[in-house]
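Enquirer: Sequence plus the predicted model coming up.
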Amino acid sequence: MKDLLDNKIHNKEEIEKELMIPFLGQVYRNNKNIDNVILKFPRSHISESFRIIRNSLNYFLRNDEKNILVITSTYAQEGKSFIAIN
């Protein structure tokens with residue numbers, strides 16, 4: 001019964017299976033209490049996760065056309081500005 005009521009995403013395979021889109025990367029929780037972690041902590045796990053996403057985006061968007069990325073969520077405080085800044 002517990003599994004039937006579980007509506008959370010637990011791993012990247014669930015995202016790829018349900019949405020049929022590629023998984024580009026994940027950003028770890030920001031415990032630094034600073035918005036621009038890439039400039040302040042360039043060797044941190046968070047900074048590395050942003051580099052992985054950037055490289056994945058470069059691979060999937062490798063054409064010469066201009067691309068627009070939208071960062072959105074349904075709730076406040078989920079990290080939209082944090083993602084956009086970094």
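Expert: Nice, thanks for sending it over.

Enquirer: How many neighbouring residues does Ile46 have?
Expert: 18 (other C-beta atoms under 10 Å). Just so you know, the C-beta spots here come from the backbone N, C-alpha and C atoms, and that holds for glycine as well.

Enquirer: quick one: it and Val27 touch, right?
Expert: Yes - shown here, Ile46 and Val27 form a contact pair, counting by C-beta atoms under 8 Å, at 6.4 Å.

Enquirer: Regarding the protein, what is its longest helix?
Expert: In the chain, assigned by DSSP state H, the helix with the most residues is helix 45-60.

Enquirer: Output it in PDB, but only the C-alpha positions, please.
Expert: What follows is helix 45-60, C-alpha atoms only, in PDB (Å, rounded to 0.1, in the frame of the first residue of the first chain):
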ATOM      1  CA  HIS A  45      30.300  19.200  -5.800                       C
ATOM      2  CA  ILE A  46      27.600  21.800  -6.700                       C
ATOM      3  CA  SER A  47      29.900  23.600  -9.200                       C
ATOM      4  CA  GLU A  48      30.900  20.300 -10.800                       C
ATOM      5  CA  SER A  49      27.200  19.300 -11.200                       C
ATOM      6  CA  PHE A  50      26.600  22.600 -13.000                       C
ATOM      7  CA  ARG A  51      29.500  21.900 -15.400                       C
ATOM      8  CA  ILE A  52      28.100  18.400 -16.100                       C
ATOM      9  CA  ILE A  53      24.700  20.000 -17.000                       C
ATOM     10  CA  ARG A  54      26.400  22.600 -19.100                       C
ATOM     11  CA  ASN A  55      28.300  19.900 -21.100                       C
ATOM     12  CA  SER A  56      25.200  17.900 -21.500                       C
ATOM     13  CA  LEU A  57      23.300  20.900 -22.800                       C
ATOM     14  CA  ASN A  58      26.200  21.700 -25.200                       C
ATOM     15  CA  TYR A  59      25.900  18.100 -26.500                       C
ATOM     16  CA  PHE A  60      22.100  18.100 -27.000                       C
END
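
Enquirer: elements contacting the helix or strand that that helix is followed by?
Expert: Once the chain leaves helix 45-60, the next helix or strand it forms, by DSSP states H and E, is helix 80-85. The contact analysis (3 or more C-beta pairs under 8 Å, 6 or more residues apart in numbering; DSSP states H and E) places helix 80-85 against no helix or strand.
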